[in-house]
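Chemist: sequence plus the predicted model coming up.
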Amino acid sequence: MDQTKETDEPRFSVVRNRECEVIHIDGVYGTLNPATGQLAFYQDVPKVGIDEEGLMSPRSVERVLVVDTRMSPETFRSIAYWMLEHVQHYEKWMRENFCRQEGMDKEGDRGDSS
């Protein structure tokens, strides 16, 4: 007998669009209302000039929108909850690892004093 469970649900696969790019972002603007959700990701690009002493100095920052996404309110909520779950795991990991490191640092300080 076949071990594969027969189901009426569609099978999903993940493929990468040839035009898909990896981009660095510095932030996001967004909105959610009963009709739509929107997330517009941006990069902050410093504009640098040369001062009187010949040194580089920041003059301004240009905020460049790199992708503007539109979605249903339910998709927006789903992404928000998914991100929150990842943030909670990250914060837990940071607490556990930095508390452990601080404890080792204090033990090392005590060991050096003798």
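Modeler: Yep, that arrived.

Chemist: contacts and neighbour counts: CA atoms only from here.
Modeler: Fine.

Chemist: distance of Asp68 from Pro46?
Modeler: 21 Å (C-alpha to C-alpha, to the nearest Å).

Chemist: stretch 28-39: how far from the chain's middle?
Modeler: In terms of C-alpha atoms, centre = their mean, to the nearest Å, the centre of stretch 28-39 is found 17 Å from the chain centre.

Chemist: next, Ile79: phi, psi?
Modeler: The phi and psi values for Ile79, taken as degrees, to the nearest 10, are phi -60, psi -40.

Chemist: again but with Arg77, I slipped
Modeler: Phi and psi for Arg77, reported as degrees, to the nearest 10, are phi -60, psi -40.

Chemist: need the pLDDT of it.
Modeler: Looking at Arg77, its pLDDT reads 97.

Chemist: same check on Pro58?
Modeler: 86.

Chemist: go on, Val22?
Modeler: 94.

Chemist: part of a helix, is it?
Modeler: No: under DSSP: H, G, I helix; E, B strand; the rest coil, Val22 sits outside any helix and is assigned coil.

Chemist: for it, give its distance to Val67.
Modeler: Separation of Val22 from Val67 (C-alpha to C-alpha) stands at 11 Å.

Chemist: quick one: buried residues of the lowest-mean-pLDDT helix or strand in the chain?
Modeler: Lowest by mean pLDDT, DSSP states H and E among the helices and strands of the chain is helix 73-112, with a mean of 85. Neighbour counts using 16 or more other C-alpha atoms under 10 Å place Pro73, Phe76 of helix 73-112 among the buried residues.
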